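S.K.: the following block contains a protein sequence and its predicted model.
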Amino acid sequence: MRSFINLLQCFLKKNKKYANIFLHDIQSGDAKLSKDMTFRDYIVMYAKNKEMSQIKKFVKYLGVEEGLLVEIKKSKVTESNLDEFGRYDALKKSIANEPATEYYTKLEGKKLPPFVVRNNAEKIIERLYFI
């Protein structure tokens, strides 16, 4: 029983932000409630929606392949196994120069050389998995 309580506390601590967002949505009337879903189900759904939103932003601003991002994210990568099966290299190769350059030009206020854009894009993708 103690380990279950510890597991529950860990889950709630990790997902406190999503629980608060969900509770706010209930209070404001924005949440669509279903009798088939538990509080935990909603928190997990909110967390997954946030993760997919983040992935969509990477696709939009860096032009990377969404499927590769999702696959790596689902596989619970670590620094030691990030490039198993060449998936991280494939993800880096999928960075599209045009949207990435446009994104970093807006961010920096000036056009950056392609190698700087690529390096910045690779760093931000790596942070997606380890932060």
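M.R.: Structure's in. What do you need? Residues are numbered from 1 along each chain as shown.

S.K.: use CA for all of it now, contacts and neighbours both
M.R.: Fine.

S.K.: could you report the neighbour count for Ile55?
M.R.: When neighbours are defined as other C-alpha atoms under 10 Å, Ile55 has 20 of them.

S.K.: what's the helix or strand for it?
M.R.: Per DSSP states H and E, Ile55 falls inside helix 39-62.

S.K.: the very next helix or strand once past that helix - what's its average pLDDT?
M.R.: Note on helix 39-62: by DSSP H and E, the next helix or strand toward the C-terminus is helix 66-74. Model confidence over helix 66-74 averages 86 on the pLDDT scale.

S.K.: give me the distance from the very next helix or strand once past helix 66-74 to the chain's centre.
M.R.: Per DSSP H and E, the first helix or strand lying C-terminal to helix 66-74 is helix 87-93. Here helix 87-93 is found 16 Å from its chain centre; the criterion is C-alpha atoms, centre = their mean, to the nearest Å.

S.K.: how about helix 87-93, which residues are buried there?
M.R.: The neighbour-count check on helix 87-93 (16 or more other C-alpha atoms under 10 Å) flags 87-88, 91-92 as buried.
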